[in-house]
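S.K.: Have a look; sequence and predicted model below, questions after that.
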There are 2 protein chains.
Amino acid sequence: MAPGKVKNIKKSALQLSEGVKQPPSVNKEAYNFTRQKRKKLLTAKDYVKGIISQNKIILSQAITIIESNHTSHKKIASEIIEACIPYSGNSIRVGITGVPGVGKSSFIEALGTQITSSGQKLAVLTIDPSSKKSGGSILGDKTRMEKLSTDPLAFIRPTPSSGTLGGVAGKTRDTIILCEAAGYDTIFVETVGVGQSETMVHSMVDFFLLLMLAGSGDELQGIKRGIMEMADALVITKADGDNIKRALQAQTKFKNALHFFPLAESGWTPCVLKCSAVSETGLIDVWETILNYIKFVKQNSWFQQNRDQQSAYWLNQTIEENIKQYFYNDPFIKKELVKWKKEVLSGKTSSFIAANKILEKYFKLKD
Amino acid sequence: MAPGKVKNIKKSALQLSEGVKQPPSVNKEAYNFTRQKRKKLLTAKDYVKGIISQNKIILSQAITIIESNHTSHKKIASEIIEACIPYSGNSIRVGITGVPGVGKSSFIEALGTQITSSGQKLAVLTIDPSSKKSGGSILGDKTRMEKLSTDPLAFIRPTPSSGTLGGVAGKTRDTIILCEAAGYDTIFVETVGVGQSETMVHSMVDFFLLLMLAGSGDELQGIKRGIMEMADALVITKADGDNIKRALQAQTKFKNALHFFPLAESGWTPCVLKCSAVSETGLIDVWETILNYIKFVKQNSWFQQNRDQQSAYWLNQTIEENIKQYFYNDPFIKKELVKWKKEVLSGKTSSFIAANKILEKYFKLKD
């Protein structure tokens, strides 16, 4: 409980010490509150300096500011991002997805440690819009990726799961900028296979990787065709032990299925690979495929073209989501919507007419 | 050329008769213009009266007014629709889709004539947002459905293919209202299998029917899983001659595939049927399936619940599309967008920051 709030609480037998300032050891939350206040005294310059000098703690704090929805943080967040942009853009951005149970964390842990063991720096950002957890998932991710979480060359960060998908996306994109400025050569953006979030992640990465289980049909895996179409590579996980034969069969099956897919704009033909995080096989192939892809799209200029398209897309996306929110949060519109929805549902008018009447009033009000 | 415009055109050797009124036989366009003016003299009441008395020509003219984007038509269009609503809602609305070549027209022609031969009235509305044709497609549809187009109990009408998908949708929904008021018991809304338009049609019908070809994988047919998930029935077409065996195999295959799909909100289990427009087999089964479905969802109250949800959906959908258009058509915003897009693409700021700066200016201007 923050000290400022204590006064508003009714006296009770349980609150003997109301109004008396607690020492940090007793009132931990109050102590943290003061610490947080002290943290805020850093200027945008300090944050940028810390990020450029690859200070993980400062990087984390800066990301927290970007994620914040407080208006007071908006200005400093913009300053940090704009100062970091000149240092950004040089990483390989890889989106990774797959249904729960496919072994995303084990895969990222195994591939990630191979990357860092070659001296490269890796940032792992995770997005899970279906989760309502806030702080918990940080610990969750760190437990799931034991080696990477203590690796000095790796940085693991879950995105806040609150807010709209578009909001989360904007913040993740800006987090990528900060991580790149902090010297991370590879950025993994991990997401759970729920459909909408894949489209979002696909729109912010250079390479999109879909993890698949061997031995079960794609119907069973619930992977939508649209997601398969976005993939630059399909990787069949858990290709070890008794599973190798099934993984091989799945590989053939998916290779055949991909033939029927429309050619990707990048000109790249998606690969189907298999690997095992347990036996540490196939991981080098995955990484080499990613590097080959990057070489290929840099040569045919798709790399930059794609990044530019993504920037334009997110500019429009952010705008559209905000004007919608602004509209629906208008107290007058809220009332009008209730009224007209009733008219429509009771069969007095059509949806199209009602919508136009609300819009007429809204834009007359605004003009 | 409209007579009023002649004065603004420079004199030339080719315009000897400038300013002199042409007789209808010489100046056809001027003549048509006068005719159109005469048409407009009908009042909303006249149109409604004509529609209720099941006059096909008046119905057609009223739909043209609804489809019109002229502001002068908006008021009368609303009046017509609102007056028709009390007479609407009593039809069975069926969405029909399938890839080009699946035989949609032959299917509709065959099933349609069966429906009208039992004395029921059928309206067929076609949506093809990918087509840029305007008048041409009317003739096209009438040629494709030879029997229905001369059937006094049938009414065939293509929607205008210009405009946004949402705009087309709103107009199609209002056209359904008019057709119902004109006594059509069954409304078919046909669309080409291109993805977005299916979602739109699915959101305005009671029953959604997906036509499939026998003997080719769904990969080959390019049917997205999402569309299969929306279907209340899959109908395998051209199940005749040598094709019967393959149709049977396809039926089994699709039945198995549907097992893996999530249960529909309606509680209805989708059927897989087969039919032939040529040998006129299986059509009665399709129609009975539709009637069984309607009975089922009327009993479990999904029928009305779904229609209400659709109304609310289209209310929001129309609003959102319009506020977006209004924003992007703002001359100030157009300039700002060009400017900020440049800033983003040249790496001076991030998409997220740029979007917020444009929004701040927009809402300050509007407030």
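M.R.: Received the coordinates, thanks. Numbers count the residues shown, from 1 in each chain, chains lettered A, B, ... in the order given.

S.K.: Could you list the domains of chain A?
M.R.: As recorded under automatic domain parsing, the domains making up chain A are A:39-87, A:89-300, A:330-366.

S.K.: Mean pLDDT and distance to B:Ala83 added to the ones you listed, as JSON lines?
M.R.: All C-beta spots, glycine's among them, are computed from the backbone N, C-alpha and C. JSON lines is the format used below for the domains of chain A (pLDDT from 0 to 100; distance: least, Cβ to Cβ, whole Å):
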{"stretch": "domain A:39-87", "mean pLDDT": "90", "distance to B:Ala83": "48"}
{"stretch": "domain A:89-300", "mean pLDDT": "84", "distance to B:Ala83": "40"}
{"stretch": "domain A:330-366", "mean pLDDT": "88", "distance to B:Ala83": "11"}
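
S.K.: Please work out which of those is packed deepest.
M.R.: domain A:89-300 (a mean of 19; mean count of other Cβ atoms under 10 Å in any protein chain shown).

S.K.: Can you give me the first-to-last residue distance of that one?
M.R.: Its start and end residues considered, domain A:89-300 measures 18 Å (Cα to Cα, to the nearest Å).

S.K.: Mind telling me what element A:Gln325 is part of?
M.R.: helix A:302-328 (DSSP states H and E).

S.K.: and that helix, average pLDDT?
M.R.: In this model, helix A:302-328 carries a mean pLDDT of 90.

S.K.: is it up against chain B anywhere?
M.R.: Yes - Helix A:302-328 reaches chain B (Cβ under 8 Å from any Cβ of the partner chain) through A:308, A:311-320, A:322-324, A:326-327.

S.K.: just the angle between the helix or strand harbouring A:Trp287 and helix A:302-328, please?
M.R.: Per DSSP H and E, A:Trp287 falls inside helix A:283-299. Helix A:283-299 and helix A:302-328 are oriented at 90 degrees to each other (axes from the mean of the first three to the mean of the last three Cα atoms, to 10 degrees).

S.K.: name the helices or strands packed onto helix A:283-299?
M.R.: When contacts are defined as 3 or more Cβ pairs under 8 Å, 6 or more residues apart in numbering or on different chains; DSSP states H and E, helix A:283-299 sits against strand A:92-98, helix A:104-117, strand A:207-213, strand A:233-237, strand A:271-274, helix A:302-328.

S.K.: I'd like to know which of the domains of chain A is closest to B:Thr97.
M.R.: domain A:89-300 (16.1 Å; Cβ to Cβ).

S.K.: Quick one: buried ones out of the residues of helix A:302-328 next to chain B?
M.R.: For the residues of helix A:302-328 next to chain B, a burial check counting by 16 or more other Cβ atoms under 10 Å in any protein chain shown picks out A:Ser311, A:Trp314, A:Leu315, A:Gln317, A:Thr318, A:Ile319, A:Glu320, A:Asn322, A:Ile323, A:Lys324, A:Phe327.

S.K.: which ones are touching the last one?
M.R.: Think A:Phe327. For A:Phe327, the contacting residues are A:Ile333, A:Tyr362, B:Ile319, B:Glu320, B:Ile323, by Cβ atoms under 8 Å, 6 or more residues apart in numbering or on different chains.

S.K.: same thing but at 7 Å, please
M.R.: Each residue near A:Phe327 by Cβ atoms under 7 Å, 6 or more residues apart in numbering or on different chains is listed here: A:Ile333, B:Ile323.

S.K.: now swap in the first one and tell me
M.R.: Taking Cβ under 7 Å, 6+ apart as the definition of contact, the neighbours of A:Ser311 are B:Val344, B:Leu345, B:Ser351.

S.K.: Considering these, which is situated nearest to chain A?
M.R.: Taking Cβ to the nearest Cβ as the measure, B:Ser351 is the one of the contacts of A:Ser311 closest to chain A, at 3.8 Å.

S.K.: does the closest one really touch A:Trp314, like I thought?
M.R.: Yes - counting by Cβ atoms under 7 Å, B:Ser351 touches A:Trp314, with 3.8 Å between them.

S.K.: Are there residues contacting both of those two? Which ones?
M.R.: A:Arg173.

S.K.: residues in contact with A:Lys171?
M.R.: Residues near A:Lys171 by Cβ under 7 Å, 6+ apart: A:Ile66, A:Glu67, A:Thr159.

S.K.: same thing but 8 Å
M.R.: Applying Cβ under 8 Å, 6+ apart, we find A:Lys171 in contact with A:Ile66, A:Glu67, A:Thr159, A:Pro160, B:Phe352.
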